[in-house]
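Asks: sequence first, predicted model second:
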Amino acid sequence: MDDLISNEVLNFYNFKEGLYFIDIGANNGKFKSNTYNLEKNYNWEGICVESLPYNYNSLKNRRKAICENRVLFYNSDKDIYYTKYNYNLNTTINEYIRYNEDNLYKDSIKLKTIRFNDLLKKYKCKKKINYLNINSKSMELCILEAVD
């Protein structure tokens, strides 16, 4: 599936090399990645954003792209809390993000937010973004509405 999406993007750009992407919710950088093939085989550059520490550590070790360990959100430098819940009797762990500052759930971890425009400023991104991939647990609209 992931190669199917990157092939659609490549086809759109006539398999041009050296373009630019931003991958929000980049996971571990390889599996379930829509940008891995673009970077590895077509020399695309970009920014990968992944908030979850265990995915981020894998991401930064397997990708050449700039890697950012934050949650993209409608404002920067806020604390939010990530909590894992077990919905299916210990067979599948689903991930759930709670967006409030007073999260009292056990085993939650505090994460910092960054606004899309602030991410671009931080890395002095002046290039045209050829492909924007957003996989952010239903927060896509929140991220896009905050773009100037």
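Replies: Nice, thanks for sending it over. Every value quoted in this text rests on a predicted model; they were computed, and no experiment measured them.
Asks: give the next helix or strand downstream of the least confident helix or strand in the chain by mean pLDDT.
Replies: The weakest-scoring helix or strand in the chain, judged by mean pLDDT, DSSP states H and E, is strand 93-98 (a mean of 39). Using DSSP states H and E, the helix or strand that follows strand 93-98 towards the C-terminus is strand 109-115.
Asks: next one: that following strand to chain centre, how far?
Replies: Between the centre of strand 109-115 and the centre of its chain there are 12 Å (CA atoms, centre = their mean, to the nearest Å).
Asks: tell me what that strand is packed against?
Replies: Under the contact definition 3 or more CB pairs under 8 Å, 6 or more residues apart in numbering; DSSP states H and E, strand 109-115 sits against strand 71-73, strand 79-86. To be clear about C-beta, it is placed using only N, CA and C from the backbone, and glycine gets the same treatment.
Asks: mean pLDDT lowest for which of the ones you listed?
Replies: Mean pLDDT per stretch puts strand 79-86 lowest among the helices and strands packed on strand 109-115, at a mean of 65.
Asks: next, count neighbours for the residue nearest to Arg63 when sequence neighbours are not counted.
Replies: Among residues not flanking Arg63 along the chain, Gly29 sits closest, at 4.4 Å (CB to CB, 6 or more residues apart in numbering). Using other CB atoms under 10 Å, Gly29 has 25 neighbouring residues.
Asks: what's the spacing between Gly29 and Cys48?
Replies: Gly29 sits 6 Å away from Cys48, going by CB to CB, to the nearest Å.
Asks: and for Asn34?
Replies: 11 Å.
Asks: which neighbours do those two have in common?
Replies: By CB atoms under 8 Å, 6 or more residues apart in numbering, Asn34 and Cys48 have these common neighbours: Asp23.
Asks: okay, the two: which has more neighbours?
Replies: Cys48 (27 against 23).
Asks: residues in contact with the residue lying closest to the more buried one once chain neighbours are set aside?
Replies: Residue nearest to Cys48 in three dimensions, not counting chain neighbours: Ala26, with 3.7 Å by CB to CB, 6+ apart. Ala26 is in contact with Ser33, Thr35, Cys48, Val49, Glu50, Asn55, Leu59, Arg63, Cys67, Asn133, counting by CB under 8 Å, 6+ apart.
Asks: what's the neighbour count on the second one?
Replies: Okay, so that is Thr35. Thr35, neighbours per other CB under 10 Å, totals 25.
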